[in-house]
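Novice: For reference, the sequence and a predicted model appear below.
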Amino acid sequence: MASNKKYWKSVEELNENSTIVETLQQNEFVTAIPTDEFLGDKETLDATSTTRRDFLKYVGFTTAAASFAACEGPVIKSIPYVVAPDEIVPGVPNMYASTIADGFDFANILVKTREGRPIKIERNDLSTSGGVNARVHASVLSLYDNRRLKAPLVGGEEVSWADFDLAAAGKMNEMKGKDVVLLTQTFASPSTSRLIKEFTTKFSNVRHVIYDTVSSSEALDAFQSIYGTRAMADYDFSKAEVIVSVGADFLGDWQGGGFDAGYSKSRIPKNGKMSRHVQFEANMTLSGANADKRVPVTPSQQLQVIKALTGGSASGLPERVVAAVNSAKAQLLAAGNKAVLITGLPSAEAQAMALRANAESVVMDAERPRLTRQGNSAEVASVMQGVLNGTVKGMITVGVDPVYSFPNSAKFADAYSKLEMKLAFASKKDATAELADMVAATPHYLESWGDAQIKKGAFSLMQPTIRPLFSTRQFQDTLLQWTGNSKNYYDYIKDTWTDVLDGSSWNKVLQAGVLSSNAQVESEANSVSEEFVSKTSNGALSTLQDGGLELTLYTKTGLGDGQQANNPWLQEMPDPITRTSWDNYVTVSKADAEAMGLENVNVATGGLNGSLVNVTMGDVVIENVPVLIQPGQAKGSVGLALGYGKTASIQEEMQTGVNAYALYKDFSAIQNVTLEKVEGEHEFACVQLHNTMMGRDIIRETSLEVFNTKTARDWNPVPMVSKDHKEIPVTSPDADLWTSFDRSIGHHFNLSIDLNACTGCGACVIACHAENNVPVVGKTEIRRSRDMHWLRIDRYYSSDETFIDDKDKKEGFSGLSGDNGSLGGFGELEDPSVNPQVAFQPVMCQHCNHAPCETVCPVAATTHSRQGQNHMAYNRCVGTRYCANNCPYKVRRFNWFLYNENDEFDYHMNNDVGRMVLNPDVNVRSRGVMEKCSMCIQKTQYSILEAKRDGRPVKDSEFQTACSSACESGAMVFGDINDHDSEVYKEKKDERMYHLLAAVGTKPNVFYKTKVRNSKEV
C-alpha cells in the first residue's frame, strides 16, 4: 500500500469493542432475514402433520411461483402514431440545447428526449460558464412533479387564463399610486430585464427588487465598489498554482459553483507539478475535503485569517492557526500572479480584501464576471420591513418563496396575508402561493423559452423540449400581455437578440445553445439601487458574542436552496461528507458534543441515531434538531443546511428536516446560537457504515514529493500472491485460476477513475439514477442498508498525520497484542476528533473479467460479454443473492420490494406523470431480482449501431456511460482499450493506475488512479 494509512468511514469503526462493526464485517445486512414471517412460529410448525415430502413439494411450488412473479413486469399497451411527427423517430433520442436559470442554478445543458419526453440532462460541452451539478441533472424529474399547479388560481379556485388576466388587470388598476413590489429571482436574462423595465415604466408604482434566496450580497457589493459593475468575479482554477480559501466552499455552491472542472485540471500531477490547496473553514465542506491542508477555524477567526493573509496581523489566533496562516501567506507570495485568495465570509470588507489581493492574478477574471446573483440584502430587508410596517401595499413574487425563506417567516406571513395585492408566479402552491389571492401557474424551464447571460459575454438560449403538461404560462408572456405588447415571448427574445447575434444565425445559436458576444444588453445589474450598496454591513460577524456557538448556514450538494425539495432523487442522494440522506442536522465537533452530552450511537441494526437539540438565536428557537458529530468541525462552531423543512405543496415523504432560514438573520450565513439538549433520539438514514474498508488496500494515495522522487513500485506496488510457496505478482498469468479469453477482437470497454480529479460532488450518482431507472426506496429502507444506487461514492477519513510518520509507526507494529499492537496503535493514530484527511472513491460494478458473481449464479442470470461488460438477465434471476454474497465490492442491489406502482414507495414510479421520466431503453426491475451497474450498455450499443449505420468507425468520444458524461471534473474516462488511440487506453498505461482489490484476482474492467497530495509546506 502506497501510504500504509488506515482509513475509516465512521467514528464507530474506531471503537475496538464495537459489536456493530464486527457484525458488519461479517454480514452485508445486520438485520437477520425474518424467516419466521415466511414459515410461521415454531408452535404452529410443531403442530402440523405435513410430511417432509409434502413440505418440500409445497416449498418447491411456492419458490417457483415467487420466481415467476419476480420476473413479471407491468404490461402497458402502446398506441402507434396516426401521423408520425417528422422530427421523432421511435426508439431514437433527440437532443436539444437549452439552459437552466432558476435563480440558484445556472448552466448550459443538453436535453435528451424520447418520443417527445425529456428524460435526461447532459452537459453542453460548448459551454464556457456554469456547472451541471447533481441538482441540474435531477431537474428533469421535477418536470414530472405531480404537485405542480395545473392551472392559474384566483381565490384558491382554478380559472382560465382570460379570467386570471381580467382579475389581475382589475387589481393593478386598484393599486395605482400605491407601493407595489415586484420581488423576483435573479434571471440573468437580457430579454427579461428589458421586459421588466418596460413593465415598471408603464406601472410606475411598481418597483423591481431582486431577491436571492441564498444571498451573495456582500460579494456583489464589494465587486461593485471596486469594478463598478454589480457582478461576481469568475475564477479559472486550472491556472492556479496556489489556492487559499477562507470559508469559501467553491467546490460546493459558493457564488453559484461550477468551478470543479478548472480545479481538477490543476490537481492532476503533470511534469511533477500540481496546485497546492489550503482551506480555512469551520464546517467540513467538499472544498475542505479535497484540500491538501485543511485548517479548522471558527467564522470569527476566519475574518482575522483573511486580514492576516492580506497584510494584517495574525495575533490573537491560536498558535497552530498562526503557523498555517504564515505558511499560506508565504505560498501566495511565492506563486505570484498564479495564486488566488477567495473567501465566503458575509462581509463586504473581507470580500474586498480578497478581490484586491487577486488584482494581478491570472486566476481571477474581473473583465467577464458572473451575473447569476444580483440581489441586495439591504434592499430586500427594506422590502420585508415595508410589508411588516404596512408601507408596502402589494407584492408580486416570481420564482421566490419569501414566506418560507425569509428569516422572520411567521411575522412576515401574517403581514403578507394582510396586503391589498398578493400575486404569486409559481410552479407549485408553495408557502407564498398558499397565502396569495392570485397564483399564476408557471411552466418548468424544460417547457419554456428564455435566454441568459451567465457571465458577461457568454449568452445562451432556453428552448422548450416538450409541450406544456398543464395549463401554465410563462411570467414573461404574462408581462407582455399586461404591457399591451402583441408579441409572444419567443419573438420578443429574437428582437432582443438582434444586437447579440452580431451576424450569427439564430437557428445555429439555438442548435448550439451558446454564443460568445461583446454586445451590451439590459441586465438586472443596472436596476439595483445604488443607495443600498453602502448599507451593507461590513461587520456581519460583529454580532457574534462570547459564550455561544458560531453557526455557519450552508447549502447541501443535494437540495441546494430547497427549490427541488419535492424531488426524491435529491432527497435520497447521500451527502458527500456525512453520507446521510433525507435530513438536515446540526454538525458539531467531538469536543463540543462531549461537553454538552450529545451522542451519535450505532444501534444493533447498524443504523445511526443521534441526540436532539433546540437551536436558539435571540427569540428564534428551532426545536428538536438532530445532531451529527462531524470529524473536522471547528471547535466552537456548528453547521446547519438550508433548504429543508418545506411543507407547502410537498409530498409527505419529502417533508424532511427543519427550516434553517429562520436563523438567516439579516441574510447572513454566520450567526451566534446556543444549543440545548432535549429528550429523544433521531434516526438517521446514513450509509457510511454499509461498506467498510476493513484494512484492505482500497484507497491508494501518496505525496507529491514521493511521487516525484520514487518509482511507482514504491507508491503503487503490484500486489503479490502465493503460488507453490512462492510470491508472484497478481498480474502474472500463473496467478490465474481460469484460462483467459482473447479479448483483443472487437470492443473491450474500460472505465478509468482518477482519485485526484474526483471531488465527490455526486453528479454521477444522479445521472446514473436518471439513465438507468434506479428506484428510490425511502428513508426506512436506507436505514436497513437497502439503498439501490448503482453507483456510490465512498468517503474515507484518515489521520491527518504525515505519510512518513504514519508509515514508520505502522511498520513498527509487531502484532495484535501489547501496548504497541496494531489494534491499539491504530486506535491511537486514528483519533478522529480534530481534523481528518478525506478521500472520495466512486464504486460501481467493476465488470470483472474473472467475475466471482458469474461462477455462483445457479441460473446463469449474470454472464460476461466479449466487450468486457458483466450482464444481468433480469428475467432469469430468481433472487438467490449468491452473487451479492460473492462480490468483494458489494455493488449488487437486491429488489426487496416492487418499487414500481407500489403505494408503499410513493415517489415517482407510481403515478402516470412521474413515470414519464423513465428511460425506455432500460427496463424497470421487479421484486426479487438483483440489479447493478450495466456500464450503460444501452449507450454503448447505440453508439455502435449509429456508426454502423453511417459506415464508419466509432469515435472515441462517442463511447460514454451516464457517470462519465456527467463528470464535470473529468475524473471518469470511459472507452475501448482495444483502440490504442483512445483516452482510456492511455489512462490504463499511466503509472498511477491500479485495480480495486487486485489481490483477489478478479481482473476488473474498472480501474483507479492513485491519489497524490501536495503536502509540501513553505
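Specialist: Yep, that arrived.
Novice: could you pull out the strands for the stretch 651-800 of the chain?
Specialist: Ranges of strands in the stretch 651-800 of the chain, per DSSP state E, counting those that start in this stretch, are 670-686, 701-703, 720-723, 726-729, 749-754, 792-798.
Novice: could the ones you listed go into a markdown table alongside distance to residue 849 and mean pLDDT?
Specialist: For every residue, glycine as well, the C-beta is placed using N, CA and C. Converted to a markdown table, the strands of the stretch 651-800 of the chain look like this (distance: least, Cβ to Cβ, whole Å; pLDDT from 0 to 100):
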| stretch | distance to residue 849 | mean pLDDT |
| --- | --- | --- |
| strand 670-686 | 34 | 92 |
| strand 701-703 | 26 | 90 |
| strand 720-723 | 17 | 85 |
| strand 726-729 | 17 | 87 |
| strand 749-754 | 10 | 95 |
| strand 792-798 | 22 | 89 |
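Novice: quick one: contacts for residue 472?
Specialist: Residues in contact with residue 472 (Cβ atoms under 8 Å, 6 or more residues apart in numbering) are 148-149, 151, 427, 441-443, 447.
Novice: can you rerun that using 6 Å?
Specialist: Shown in contact with residue 472 (Cβ atoms under 6 Å, 6 or more residues apart in numbering): 441-443.
Novice: Closest one to residue 314 out of the residues you listed, please.
Specialist: Among these, residue 442 lies closest to residue 314 (Cβ to Cβ), at 50.8 Å.
Novice: number of nearby residues for the closest one?
Specialist: Neighbourhood size, residue 442 [other Cβ atoms under 10 Å]: 26.
Novice: just checking, it touches residue 428?
Specialist: No. Contact between residue 442 and residue 428 fails when scored by Cβ atoms under 6 Å: they sit 9.5 Å apart.
Novice: quick one on the thing from earlier: the contacts of residue 472 in strands, which ones?
Specialist: Those of the contacts of residue 472 mapping onto strands are residue 441, per DSSP state E.
Novice: Rebuild the contacts of residue 472 as TSV, extending it with pLDDT and distance to residue 897.
Specialist: Below are the contacts of residue 472 laid out as TSV (pLDDT from 0 to 100; distance: Cβ to Cβ, whole Å):
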residue	pLDDT	distance to residue 897
441	95	35
442	96	36
443	95	34
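Novice: wait, residue 153 sits on residue 439?
Specialist: Yes. Counting by Cβ under 6 Å, residue 439 is a contact partner of residue 153 at 4.1 Å.
Novice: where does the stretch 351-500 of the chain have low pLDDT?
Specialist: For the stretch 351-500 of the chain, applying pLDDT under 70 flags no range at all.
Novice: my bad, the chain
Specialist: Residues of the chain meeting the criterion pLDDT under 70: 1-80, 522-547, 689-695, 800-833, 1018.
Novice: ok, back up a step: right, so the strands of the stretch 651-800 of the chain: which one is the most enclosed?
Specialist: Ranked by mean neighbour count, the strands of the stretch 651-800 of the chain are led by strand 749-754 with a mean of 24 (mean count of other Cβ atoms under 10 Å).
Novice: tally of neighbours for residue 299?
Specialist: 29.
Novice: Skipping adjacent residues, who's closest to it in space?
Specialist: residue 670 (4.5 Å; Cβ to Cβ, 6 or more residues apart in numbering).
Novice: now residue 423: how far from residue 470?
Specialist: Per Cβ to Cβ, to the nearest Å, residue 423 is found 19 Å from residue 470.
Novice: quick one, helices of the stretch 201-350 of the chain?
Specialist: 217-227, 260-267, 286-290, 299-309, 319-335, 348-357 (DSSP state H, counting those that start in this stretch).
Novice: Any chance of JSON lines for these, columns distance to residue 916?
Specialist: Supplementary listing: the helices of the stretch 201-350 of the chain in JSON lines, determined by distance: least, Cβ to Cβ, whole Å:
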{"stretch": "helix 217-227", "distance to residue 916": "39"}
{"stretch": "helix 260-267", "distance to residue 916": "30"}
{"stretch": "helix 286-290", "distance to residue 916": "32"}
{"stretch": "helix 299-309", "distance to residue 916": "45"}
{"stretch": "helix 319-335", "distance to residue 916": "51"}
{"stretch": "helix 348-357", "distance to residue 916": "44"}
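Novice: and residue 952, which of the ones you listed is closest to it?
Specialist: helix 260-267 (29.5 Å).
Novice: Quick one: distance of the closest one to the chain centre.
Specialist: Centroid separation for helix 260-267 versus its chain: 17 Å, with Cα atoms, centre = their mean, to the nearest Å.
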